[in-house]
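Engineer: sequence first, then the predicted structure:
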Amino acid sequence: MSIDHECWSKVKGRLRTNVGEDVYSSWFARMDLESVSDLAAHMSVPTRFLKSWIQSHYADRVLACWQAEMPTLQRVDLTVRTPARQAALTKENKVPVEDLRADRGNTRPLSGGARGNLPPGIADSADALGPSPLDPRLTFDSFVIGRSNTLAHAAAKQVAEGRRGDPVMFNPLYVHAGVGLGKTHLLQAVTFAGNAGGQRRVLYLTAEKFMYGFVQALKSQTALAFKDTLRGIDVLVIDDLQFLQGKSTQAEFCHTLNALIDSGRQVVIAADRPPSDLESLDERVRSRLAGGLVVEMGALGEELRLEILKSRVATVRVHHHGFDVPLAVLEYLAKSITHNGRDLEGAINRLLAHNTLSGQPVTLEMAEREVRDLIRPQEPKRVKIEDIQRVVARQYNVSRSDLLSSRRTANVVRPRQVAMYLAKTLTLRSLPEIGRRFGGRDHTTVLHAVRKIEALVGKDPALADEVELLKRLLQE
């Protein structure tokens, strides 16, 4: 063994001690030494994701471990290995390809969950599928519970604590919410907790990753192995389902969903809207999704936003002991930044950067200056067609089924036309979509209703007042 590689062996030992066995196996097991110069150690990893993750989260630790062995070293350069280089390393180390695959599976480099426990004989398909990366910070311990997310958290925790063979209570568990309200946090927490016991195989995928894996399997003629890979796991977690596109991909997702649910396997899904609003999905898929437990995570209240900020500051102080944010500043941020949790985290990151780079303490004046662009004007409430139908039906003393029916009596036709008009003016839905949601009507029927109400509103003050009242009820 050369001196450089002997030094690298010691560095790996220090790194393993520093970050722990689990983190080392996940992120550093496939890092290799390329060369060492006077001022730099040149390292390589097999994927761009590993490079990005290590540089973002562990660059200082890797450098510190190298400097403990070589004090003159000033930096660590990290590159992505080419396939040819990977093959050369395999040959140099005299590791059979089958063993290399097995080792990759056991270390689960992308924290995707089920990679190391997939059924034998489908490694190629698993590589094409590629579990989506997880953020190790997104666990149940770091999830802040409030009134808007209590039910979603409890359901996710129940799923995560299940064991193989236990009866499945909520299947699928479908969580929907707007951007930055904690959907991904919950899904990744389910994946981490589900894999922790080692009894179940949990796979976390974004809809985009599912589509990519399916397309790659078709190209490489491993579609059957792809299906076996998905259906051989215990818990399938799909994030951002609203991005699932393509008839063949949706059909495969539908078959997978049915196969897992029918065999008693757990499915957990998140999207930015309820199943009924996923217009691009087949009706059968939407119906199956709606048949499980559908939970909405509401907007973050001021009290919950404050608790999230306190939690984030506590996490940051683990690595930056001198970072202190007065309660008055946290209360200001909680009151002023109302949209989502990512804006709250961004605000804390800005305060941290200002504090560490300038050396100045965090004050209310500084916070007002640093986060002013995160304080956005209050956006109007997002109105759903179901809400319009419910409010209009109640206001005109008819049932929602009347609005969707083919009845042509005067006491039903006018409310139906008003509801269609409001659906066109208060939502982004197209005329065909609105028609389908009103009992499968043609888009020309919707257009006629919209034009009719527009004309009447200009002539009939009483109707104009009714429409304005309905708008106010829907925006509250």
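Structural biologist: Now that the structure is in, tell me what you want to look at. Numbers count the residues shown, from 1 in each chain.

Engineer: how distant is stretch 312-319 from the center of its chain?
Structural biologist: Computed by Cα atoms, centre = their mean, to the nearest Å, the chain-centroid distance of stretch 312-319 equals 23 Å.

Engineer: burial measure for Asp141, as a count.
Structural biologist: 10 (other Cβ atoms under 10 Å). From N, CA and C alone the C-beta is placed, and that goes for glycine too.

Engineer: can you tell me the SS state at it?
Structural biologist: Following DSSP: H, G, I helix; E, B strand; the rest coil, Asp141 is assigned to coil.

Engineer: what does Asp465 give?
Structural biologist: helix.

Engineer: okay, now it: neighbour count?
Structural biologist: Neighbourhood size, Asp465 [other Cβ under 10 Å]: 11.

Engineer: got a list of what the closest residue to Ser406 other than its chain neighbours touches?
Structural biologist: Distances taken as Cβ to Cβ, 6 or more residues apart in numbering put Gly439 closest to Ser406, at 6.9 Å, once the chain neighbours are dropped. The contact partners of Gly439, taken as Cβ atoms under 8 Å, 6 or more residues apart in numbering, are 403-406.

Engineer: buried subset of these?
Structural biologist: The neighbour count (16 or more other Cβ atoms under 10 Å) marks 403-404 as buried among the contacts of Gly439.

Engineer: so which of the contacts of Gly439 are in helices?
Structural biologist: Counted as lying in helices by DSSP state H, out of those, are 403-404.

Engineer: in a markdown table, list the contacts of Gly439 along with distance to Leu257 and pLDDT.
Structural biologist: Shown next, in a markdown table, are those (distance: Cβ to Cβ, whole Å; pLDDT from 0 to 100):
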| residue | distance to Leu257 | pLDDT |
| --- | --- | --- |
| Leu403 | 31 | 90 |
| Leu404 | 27 | 90 |
| Ser405 | 31 | 89 |
| Ser406 | 33 | 86 |
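
Engineer: how about residues contacting the helix or strand where Ile238 lies?
Structural biologist: Here Ile238 is covered by strand 235-239, with elements defined by DSSP states H and E. Identification of contacts with strand 235-239 by Cβ under 8 Å, 6+ apart yields 113, 132, 159, 183-184, 187, 190-191, 194, 200-207, 210, 230, 256, 260, 265-270.

Engineer: give me phi/psi at the residue nearest to Ser406?
Structural biologist: phi 80, psi 20 (degrees, to the nearest 10).

Engineer: Leu73 versus that one, what's the distance?
Structural biologist: Separation of Gly439 from Leu73 (Cβ to Cβ, to the nearest Å): 72 Å.

Engineer: likewise for Val325?
Structural biologist: The gap separating Val325 from Leu73 is 35 Å, by Cβ to Cβ.

Engineer: and Pro361, by the same measure?
Structural biologist: Note on Pro361: its distance to Leu73, by Cβ to Cβ, is 34 Å.

Engineer: ok, those two, which is more surrounded?
Structural biologist: Neighbours per residue, other Cβ under 10 Å: of Pro361 and Leu73, the larger number sits with Leu73, 19 against 13.

Engineer: pop out the phi and psi values for the nearest residue to the more buried one once chain neighbours are set aside.
Structural biologist: With Cβ to Cβ, 6+ apart as the criterion, Leu73 has its nearest non-adjacent residue at 5.0 Å, and that residue is Trp66. With angles defined as degrees, to the nearest 10, Trp66 sits at phi -70, psi -40.

Engineer: how many neighbours does Trp66 have?
Structural biologist: With other Cβ under 10 Å as criterion, Trp66 counts 24.

Engineer: was I right to think it contacts Leu39?
Structural biologist: No: Trp66 lies out of contact with Leu39 (Cβ atoms under 8 Å); the separation is 11.1 Å.

Engineer: any common contacting residues for these two?
Structural biologist: Leu73.

Engineer: please save the CA atoms from the helix or strand containing Arg305 in CSV.
Structural biologist: For Arg305, the host element (DSSP H and E) is helix 302-317. Written as CSV, here are the backbone C-alpha positions of helix 302-317 (Å, rounded to 0.1, in the frame of the first residue of the first chain):
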residue,chain,number,x,y,z
GLU,A,302,-48.8,31.8,13.9
GLU,A,303,-48.2,29.7,16.9
LEU,A,304,-47.0,26.7,14.9
ARG,A,305,-44.7,29.0,12.8
LEU,A,306,-43.1,30.2,16.1
GLU,A,307,-42.5,26.7,17.2
ILE,A,308,-40.9,25.8,13.8
LEU,A,309,-38.6,28.8,14.1
LYS,A,310,-37.6,27.8,17.6
SER,A,311,-36.9,24.3,16.5
ARG,A,312,-34.8,25.5,13.5
VAL,A,313,-32.7,27.8,15.8
ALA,A,314,-32.1,24.9,18.2
THR,A,315,-30.9,22.7,15.3
VAL,A,316,-28.6,25.4,14.0
ARG,A,317,-27.1,26.0,17.5
